[in-house]
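[1] coordinates only, sequence not included:
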């Protein structure tokens, strides 16, 4: 997702998880920025701001890291040991309380803060199922078990984070040419040396998508461009800040 903010562009770092295969869950911001630039040349200048390359990582390094990260996450948890569930219409405080109540000494935590009406939880399968059952029994909202290959963005993936830390130590990070929002802090990466640590934390930390988009709005964001298939993020943004103009790649690919 690219944000137009008072004459500048800003990019988020990762789309919220929607795919079951981790190798395809990440959209590298450098590839995305090039795509956005091509779209900008095809669209009317008034509607889309031309984006410069985000830089940060060499493209070859970025593609290699995305592939490695997917493998690390897939191998970190045995099949069936972990699960994820989307809790629709459940307040954030109630989701967090459920994670405390049913997490116990195990793992159950928010994984994606997608929008005010959609929060995803992840953890050990038995604990995720207990939280889902509680949502139904207490009529807190609508729970939906997700068909995923691993419990992403939770502490069960700590082995993957450790392996990713080693892989990230082999590449060089450069300053971003435009601000890139971290999913861990929901604010821009402060410096190249901080990117490595935050990307490692991101493996086990929740994706703060709603918070990041609200931050973009406070910084003057008045339009968003969704780069990628579908319009899932556009739908989320309409629930976060309906006043923001939203454009999607699909609109520019129609004949």
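    Noted; the coordinates are in hand. Given the structure is predicted, the values throughout are model-derived calculations rather than measurements.
[2] could you list the low-confidence segments of the stretch 1-150 of the chain?
    Counting by pLDDT under 70, the stretch 1-150 of the chain contains low-confidence residues at 4-54.
[3] tell me where it has helices.
    With DSSP state H, counting those that start in this stretch as the criterion, the stretch 1-150 of the chain has helices at 29-42, 59-76, 92-103, 125-138.
[4] adding distance to residue 2, write those helices out as CSV.
    Backbone N, C-alpha and C define where each C-beta goes, glycine included. Written out in CSV, the entries for the helices of the stretch 1-150 of the chain read as follows (distance: least, Cβ to Cβ, whole Å):
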stretch, distance to residue 2
helix 29-42, 5
helix 59-76, 17
helix 92-103, 26
helix 125-138, 33
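[5] which residue, other than its chain neighbours, is closest to residue 154?
    The spatial neighbour of residue 154 that comes closest, neighbours along the chain excluded (Cβ to Cβ, 6 or more residues apart in numbering), is residue 122 at 4.0 Å.
[6] got it, and residue 129?
    Taking Cβ to Cβ, 6+ apart, and ignoring the residues beside it in sequence, residue 129 has residue 83 as its nearest neighbour in space, at 7.1 Å.
[7] so the one you found touches residue 123, yeah?
    Yes - shown here, residue 83 and residue 123 form a contact pair, counting by Cβ atoms under 8 Å, at 7.4 Å.
[8] give me the common contacts of these two.
    Shared contacts of residue 83 and residue 123, defined by Cβ atoms under 8 Å, 6 or more residues apart in numbering, are found at residue 151.
[9] among those two, which residue is more densely surrounded?
    Here residue 83 and residue 123 are compared on neighbour count by other Cβ atoms under 10 Å; more neighbours surround residue 123, at 28 against 23.
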